[in-house]
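Asks: just to be clear, the model below is a prediction. Sequence and coordinates:
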Amino acid sequence: MKLDEKCEESTREAKLDARETVIKHEPSTLSPEALPFAPLTSRNNEGTNQDMIYAPEQDELTRPHDAALKQIISLQARQAELSALIVNQQRASTLPSQEPPVFNGSHFDYPTFIAAFEAMIDKKVDSGKDRLNFLCKYTSGKAHEVVKGFLTWDSDKGYEEARKLLAQRFGNPFRVAEAYKTKLRNWPQIVEGDSSSLQDFSDFLVRCEGAMQSLKYMDELNSSRLLQEISTKLPLKSGSRWCRQARDVLKKTERTVSFHDLRERRSRPRK
């Protein structure tokens, strides 16, 4: 019975505590006019999307750098070219000054003289009057007399007329070719054992072959008649060897000998 009474008392006390307990709510601090609640993660995502939209592309960021790099490479290339030009000029300044040979009116020397004069004087001097003075300076003998007559001309036409007259007098291809042929025909007989005269004759044959490559009317040097005349200028033993070689060429190749065969035979060292 005591236990039952204690249980009833504890039950009544619990009911009274439950009635007396009141849930208190603090007044709300939210404003009814405030915007709806949005999570922070959404704003962050929106900011990230905006950054991704307006972020510049990687190519746009690297374009100024690439342009500057290309400009530096171009400047370095130009600097290398200028350095090479300076080195070449320094090398050229240490060389002796080039001058054309003095032309004395020889038909043999005219092609060589006029080529050197054009390269060293004509292309580097603008005034026709100065060109004429240089032309007078580098001529002698009959050629000098031809050029000297045009020094009194005031216009640049004097240089042109002097060049034309020099070409007519000394540079005519037919006259130059005839001069080579005449000198070959009139070459003195070379005696046996005169190695110096034989070497001079061989050098002139080389000169003739070079003229055949640039001058007209030089094909006659390949004729059998002229080759026979040239071979008679050789010493007896050298002439005999040349005749045997000409016969061998005719048998082996079935062609006639040429001036080149004779020049090659004379230039070849004796075994």
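Replies: Here it is on my side, so go on. Numbers count the residues shown, from 1 in each chain.
Asks: from here on, contacts and neighbour counts on C-alpha atoms
Replies: Fine.
Asks: and the residue nearest the centre of the chain, what element?
Replies: For the chain, E81 is the residue whose C-alpha lies nearest the centre (C-alpha atoms, centre = their mean; 12.1 Å). Per DSSP states H and E: E81 is located in helix 58-94.
Asks: endpoints of stretch 183-196, how far apart?
Replies: Between the opening and closing residues of stretch 183-196 we find a distance of 18 Å, counting by C-alpha to C-alpha, to the nearest Å.
Asks: who touches that stretch?
Replies: Contacts with stretch 183-196, where a contact means C-alpha atoms under 8 Å, 6 or more residues apart in numbering, come from 197-198, 229-230, 232-237.
Asks: tell me which residues of that stretch come out buried.
Replies: Along stretch 183-196, these residues count as buried under the neighbour rule (16 or more other C-alpha atoms under 10 Å): 184, 190.
Asks: quick one: average pLDDT of that stretch?
Replies: The predicted model gives stretch 183-196 an average pLDDT of 89.
Asks: then stretch 151-158?
Replies: Over the span of stretch 151-158, the pLDDT mean works out to 83.
Asks: residues near the nearest residue to G105 once chain neighbours are set aside, how many?
Replies: With C-alpha to C-alpha, 6 or more residues apart in numbering as the criterion, G105 has its nearest non-adjacent residue at 4.9 Å, and that residue is A143. A count of nearby residues for A143, using other C-alpha atoms under 10 Å, gives 23.
Asks: all helices for the stretch 1-150 of the chain, in order.
Replies: 2-20, 40-54, 58-94, 110-117, 128-137, 141-148 (DSSP state H, counting those that start in this stretch).
Asks: worst mean pLDDT among these?
Replies: Among these, helix 40-54 carries the lowest mean pLDDT, at a mean of 49.
Asks: G141: what's it in contact with?
Replies: With C-alpha under 8 Å, 6+ apart, G141 has these contacts: 104-105.
Asks: at 10 Å what do you get?
Replies: Contacts for G141 were tallied using C-alpha atoms under 10 Å, 6 or more residues apart in numbering; they are 102-106.
Asks: just among these, which is most surrounded?
Replies: Tallying neighbours with other C-alpha under 10 Å puts F103 at the head of the contacts of G141, with 23 neighbours.
Asks: thank you kindly, that will do.
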